[in-house]
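Trainee: below: sequence and its predicted model.
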Amino acid sequence: MKIERLQTIVTCPGRNFVTVKIETDQGVYGLGDATLNGRELAVKSYLEDHVFPCLVGRDPRNIEDIWQYLYRGAYWRRGPVTMTAIAAIDMALWDILGKLAGMPVYRMLGGKSRQGLMVYGHATGRDHAEAVEEVQRHIEQGYKAIRVQSGVPGLEKVYGVGKAAGQYEPAQKGLPIEEAWDTALYLRHTPELFRKVREAVGFEPHLLHDAHHRLTPMEAGRLGKDLEPYRLFWLEDATPAENQEAFRLIRQHTTTPLAVGEVFNSIWDCKDLIQQQLVDYIRATIVHAGGITHVRRIADFAALHQVRTGFHGATDLSPVCMAAAVNFGLWAPNFGIQELMPHNALTDEVFPHSYRFEDGYLVMDDVPGLGVDIDEALACQYPYERAYLPVARLRDGSMWNW
Ligand code: CS2
Ligand code: MG
């Protein structure tokens, strides 16, 4: 069996997605998500100009060898563009293998460890009252776990809060929007947000919060301690994690569980965090961390150190990645939780898939491969539109972490 044709399909049904389609000489094809929010065309070029020519004629069933070839053969290893490109090829090859075997990918990995994946939704409010209402709306929809983000009095725009309740799409068309940030205001108001939420809904629902890289380690330690009475499921991206050692400082000051890793692209970004149990959940996701083949290594390493998975699942990860994540999460013995930011109806039409939300969980029917497809005729009606994630500056104008 040979790889006969490889292509990227770029579509923008409300936001940009890049998809890889690999076709074999026996008529079976596979799909992989290659979307890197705000840098989509870099991955498209990496694939088309540098990867695709090397893969034509290879046996698509040799997934590990192709992974090693693309990783070691690049010479310039790691990084979000490289590892997203490798991830897309890897997902598509697993999709092909499942179709050939007539099995869903989770069964190829080792079968079901659970019937469904507990997910967390996004409750966002421009103020605390709206955020509380959004939490209550998610509970009514059946969510068992809810991430809570709200506006901060005195700040015009902050990460995680859109122009109306519940809506939030970080990437905006045109050049990057600049947001002003003030840590002191955020630290003052965030514990109060969770006091109000717990007062309104009690301690049954799991509550999560994303600090989104904006704190120093000691500020994160302080926030984690201030949030302890509200028993968070996790505090995410408490501080930028290039310096994995920074998390030791946070750990020394709080028992609030920590999650990190949606911006990680290889095991080397999180080896120390996991080995020294400086975090509780690892968020490295299949589309940005080298695909199923590499994320399986991360998850297995994490399992040895009592760290669980908590994959990224924002709208800028396409239904192809989400389908791979559901297969992976059904298998992974140390699955923790899966983020679910539902895509819009048009995206779901472009990418028909077998996973679905049921009473707080993602479940899926047994479909060979990943259980997702792409309507190419529909996809090509929505051309790429350049869009960027915002940037943040402190009030004095210094660049900060968005
Ligand atoms: C966020 C994302 O989902 C999350 O936890 O961190 O909204 C993130 O900002 C975007 O995926 C970036 O593209
Ligand atoms: Mg996040």
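Mentor: Happy to help now that I have it. Ligands and ions are numbered 1, 2, ... in the order given.

Trainee: so what's the residue lying closest to Phe203 once chain neighbours are set aside up against?
Mentor: Closest residue to Phe203 apart from its sequence neighbours, by C-beta to C-beta, 6 or more residues apart in numbering: Arg231 at 6.0 Å. From N, CA and C alone the C-beta is placed, and that goes for glycine too. For Arg231, the contacting residues are Arg198, Phe203, Leu207, by C-beta atoms under 8 Å, 6 or more residues apart in numbering.

Trainee: compare the residues you listed and tell me which is most surrounded.
Mentor: Of all those, the most densely surrounded is Leu207 (23 neighbours; neighbours counted as other C-beta atoms under 10 Å).

Trainee: which residues does whichever residue of the stretch 101-250 of the chain sits closest to ligand 2 contact?
Mentor: Nearest residue of the stretch 101-250 of the chain to ligand 2 (C-beta to the ion) works out as Asp210 at 4.3 Å. Contacts of Asp210 were listed using C-beta under 8 Å, 6+ apart, and they are Arg147, Gln149, Tyr159, Gly160, Glu236, Asp237.

Trainee: can you lay out those residues as CSV showing secondary structure, distance to Asp280 and neighbour count?
Mentor: Below are those laid out as CSV (DSSP: H, G, I helix; E, B strand; the rest coil; distance: C-beta to C-beta, whole Å; neighbours: other C-beta atoms under 10 Å):
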residue, secondary structure, distance to Asp280, neighbour count
Arg147, strand, 15, 25
Gln149, strand, 20, 24
Tyr159, coil, 21, 22
Gly160, coil, 21, 19
Glu236, strand, 11, 25
Asp237, coil, 13, 23
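
Trainee: straight-line length of stretch 302-311, end to end?
Mentor: Distance between the boundary residues of stretch 302-311 (C-alpha to C-alpha, to the nearest Å) amounts to 13 Å.

Trainee: for that stretch, buried residues please.
Mentor: Within stretch 302-311, the residues that count as buried by 16 or more other C-beta atoms under 10 Å are Ala302, Ala303, Val307, Arg308, Thr309, Gly310, Phe311.

Trainee: same for the helix or strand hosting Val148, what does it pack against?
Mentor: In this structure, Val148 is located in strand 145-150 according to DSSP states H and E. Contacts defined by 3 or more C-beta pairs under 8 Å, 6 or more residues apart in numbering; DSSP states H and E place strand 145-150 against strand 117-125, helix 128-140, helix 183-201, strand 206-210.

Trainee: quick check: the residue of the stretch 251-400 of the chain found nearest ligand 1 vs Leu389, distance?
Mentor: Nearest to ligand 1, among the residues of the stretch 251-400 of the chain, is Ala314, at 3.4 Å (C-beta to the nearest ligand atom). Distance of Ala314 to Leu389, computed by C-beta to C-beta, to the nearest Å: 11 Å.

Trainee: pull out the buried residues from stretch 220-233.
Mentor: Neighbour-count burial for stretch 220-233 flags Ala220, Gly221, Arg222, Leu223, Gly224, Asp226, Leu227, Tyr230, Leu232, Phe233 (criterion: 16+ other C-beta under 10 Å).

Trainee: ok, these vs Trp76, which is closest?
Mentor: Using C-beta to C-beta, Ala220 is the member of those that lies nearest Trp76, at 32.2 Å.

Trainee: quick one: Val279 from Phe335, how far?
Mentor: Distance, Val279 to Phe335, by C-beta to C-beta: 16 Å.

Trainee: who's more crowded, the two?
Mentor: Val279 (28 against 20).

Trainee: show me the contacts for that one.
Mentor: Counting by C-beta under 8 Å, 6+ apart, Val279 touches Phe247, Leu258, Ala259, Val260, Gly261, Cys270, Leu273, Val307.

Trainee: now it: how far from Asp272?
Mentor: According to C-beta to C-beta, Val279 stands 10 Å off from Asp272.

Trainee: got the residues of the stretch 51-200 of the chain near ligand 1?
Mentor: Pro170 (C-beta under 6 Å from any ligand atom).

Trainee: rewinding a little: so what does the residue nearest to Phe203 look like in phi/psi?
Mentor: phi 50, psi 60 (degrees, to the nearest 10).

Trainee: hey, what's the residue of the stretch 101-250 of the chain closest to ligand 2 bridged with?
Mentor: Counting by DSSP bridges, Asp210 forms beta bridges with Glu236.

Trainee: run me through the strand neighbours of the strand holding Val148, direction for each.
Mentor: strand 117-125 (parallel), strand 206-210 (parallel).

Trainee: dump those strands to JSON lines, plus mean pLDDT and distance to Gly142.
Mentor: Shown next, in JSON lines, are the strands paired with strand 145-150 (pLDDT from 0 to 100; distance: least, C-beta to C-beta, whole Å):
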{"stretch": "strand 117-125", "mean pLDDT": "97", "distance to Gly142": "9"}
{"stretch": "strand 206-210", "mean pLDDT": "98", "distance to Gly142": "13"}
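
Trainee: looking at those, which is buried most?
Mentor: strand 117-125 (a mean of 24; mean count of other C-beta atoms under 10 Å).

Trainee: is ligand 2 contacted by that one?
Mentor: No: contact of strand 117-125 with ligand 2 (C-beta under 5 Å from the ion) is absent, the minimum separation being 10.0 Å.

Trainee: got the angle between that strand and helix 183-201?
Mentor: When axes from the mean of the first three to the mean of the last three C-alpha atoms, to 10 degrees is applied, the directions of strand 117-125 and helix 183-201 differ by 110 degrees.

Trainee: and strand 117-125 with helix 128-140, angle?
Mentor: Using the same axes, to 10 degrees, strand 117-125 lies at 150 degrees relative to helix 128-140.

Trainee: using PDB, list the CA coordinates for strand 117-125.
Mentor: What follows is strand 117-125, C-alpha atoms only, in PDB (Å, rounded to 0.1, in the frame of the first residue of the first chain):
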ATOM      1  CA  LEU A 117     -15.200  11.800  28.400                       C
ATOM      2  CA  MET A 118     -16.200  14.200  31.100                       C
ATOM      3  CA  VAL A 119     -15.900  17.700  29.500                       C
ATOM      4  CA  TYR A 120     -15.800  21.200  30.800                       C
ATOM      5  CA  GLY A 121     -17.600  24.100  29.100                       C
ATOM      6  CA  HIS A 122     -16.800  27.800  29.100                       C
ATOM      7  CA  ALA A 123     -18.900  30.100  31.200                       C
ATOM      8  CA  THR A 124     -17.800  33.700  30.400                       C
ATOM      9  CA  GLY A 125     -19.400  36.900  31.600                       C
END
